[in-house]
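*Asks:* build me a model from this:
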Amino acid sequence: MKSAVLTFTCMVGLLAHLHVVQAIDTPEKWVKLHNDVRAKVGVGPLRWNRTLENYAKNYAIKRSGDCELIHSHGPYGENIYWGQGEGVTDAAAAMRCWVDEEIDYYDYNANTCIDGKDCLHYTQIIWKNTVQVGCGMAQCTTVANKVFISCNYYPPGNFVGQRPY
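*Replies:* Coordinates of the predicted model:
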């Protein structure tokens, strides 16, 4: 009996250590934020996909130990983000960061990111052939009030030489 209690206590401690952020941002909120951006350029709406959500959540948990912005290199399109502090640890903050790339860095006429800047987060969000999205987040374990967010997209976008829409 003592070993069962000890095992249970260790499991609770391990789960508490992961600091997974529970559904503060709903799938509906993520989809709305994405579809609002997509509507501005005339591409169709995205649907939520639980497989993509699980992939994103699992990857966020994996990155929660260091929260470095390293892509998973998985089979899906992917946007990643970390935020620390009040007002920058949710879906809206991640989307602002990704979408602001359009304003600052994307040149539609040339179909490039200007001045060697990164705008691939934005172009993935508006990629015309992408129809599904799933996102997840985890609390970083090494820094207080810091989260790692991942959104995955199917089919993926950002193919060299193709326009997003």
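*Asks:* let me know the secondary structure of residue 138.
*Replies:* Put simply, residue 138 is strand when judged by DSSP: H, G, I helix; E, B strand; the rest coil.
*Asks:* quick one: residue 151 and residue 56 touch, right?
*Replies:* Yes - in this structure, residue 151 is within contact of residue 56 by CB atoms under 8 Å, at 6.0 Å. (C-beta placed from N, C-alpha, C; glycine too.)
*Asks:* identify the contacts common to these two.
*Replies:* Common contacts of residue 151 and residue 56 (CB atoms under 8 Å, 6 or more residues apart in numbering): 134, 135.
*Asks:* which parts of the protein are helices?
*Replies:* Counting by DSSP state H, the chain has helices at residues 2-18, 27-40, 50-63, 91-105, 120-125.
*Asks:* mind exporting the C-alpha coordinates of the last one to CSV?
*Replies:* In this case it means helix 120-125. C-alpha atoms of helix 120-125 as CSV (Å, rounded to 0.1, in the frame of the first residue of the first chain):
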residue,chain,number,x,y,z
LEU,A,120,6.4,32.7,-43.0
HIS,A,121,4.1,32.6,-39.9
TYR,A,122,1.8,35.0,-41.6
THR,A,123,1.8,33.2,-45.0
GLN,A,124,1.1,29.9,-43.3
ILE,A,125,-2.0,31.4,-41.7
